[in-house]
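1. Here's my sequence, what's the structure:
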Amino acid sequence: MAFFEKIDTLKRLDLLIRTRQMGTSESLSKILNISQRTFFNYLDELRSRGAIIEYSKVTKSYFYVKIFVLKF
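-> Numbering: from 1, shown residues only. As a prediction, this is how the structure comes out:
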């Protein structure tokens, strides 16, 4: 994946997490057109930048525990 495509996908993932418009890792990876493994790698990338991300089984969505601003 090209550098700018990765940044774009990370931004889209960040927006989905912030607005809690997500689903399972499987459904989200389909929305973002990436593999599930890549999805988890992107979550790890956000976490390495300081994001605290959890998953709610009730709402079936990922969310930020604390306010997080994605910076490049």
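2. Regarding the residue positioned nearest the centre of the chain, what is its secondary structure?
-> For the chain, the residue nearest the mean C-alpha position is Leu13 (3.8 Å; Cα atoms, centre = their mean). What DSSP: H, G, I helix; E, B strand; the rest coil gives for Leu13 is helix.
3. any idea of the mean pLDDT in stretch 53-70?
-> For stretch 53-70, mean pLDDT rounds to 93.
4. Put the alpha carbons of that stretch into PDB.
-> Output in PDB follows, covering the C-alpha atoms of stretch 53-70 (Å, rounded to 0.1, in the frame of the first residue of the first chain):
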ATOM      1  CA  ILE A  53      -8.800   2.000  21.900                       C
ATOM      2  CA  GLU A  54     -11.300  -0.500  23.300                       C
ATOM      3  CA  TYR A  55     -14.100  -2.600  21.800                       C
ATOM      4  CA  SER A  56     -17.600  -2.600  23.100                       C
ATOM      5  CA  LYS A  57     -19.400  -6.000  22.600                       C
ATOM      6  CA  VAL A  58     -22.700  -4.200  23.300                       C
ATOM      7  CA  THR A  59     -22.500  -1.600  20.500                       C
ATOM      8  CA  LYS A  60     -20.100  -3.700  18.400                       C
ATOM      9  CA  SER A  61     -17.800  -0.800  17.900                       C
ATOM     10  CA  TYR A  62     -14.300   0.400  18.700                       C
ATOM     11  CA  PHE A  63     -13.900   3.600  20.700                       C
ATOM     12  CA  TYR A  64     -11.300   5.900  22.100                       C
ATOM     13  CA  VAL A  65     -11.200   5.700  25.900                       C
ATOM     14  CA  LYS A  66      -9.600   9.200  26.100                       C
ATOM     15  CA  ILE A  67      -9.800  12.000  23.600                       C
ATOM     16  CA  PHE A  68      -7.300  11.300  20.800                       C
ATOM     17  CA  VAL A  69      -6.200  13.600  18.000                       C
ATOM     18  CA  LEU A  70      -4.400  11.900  15.100                       C
END
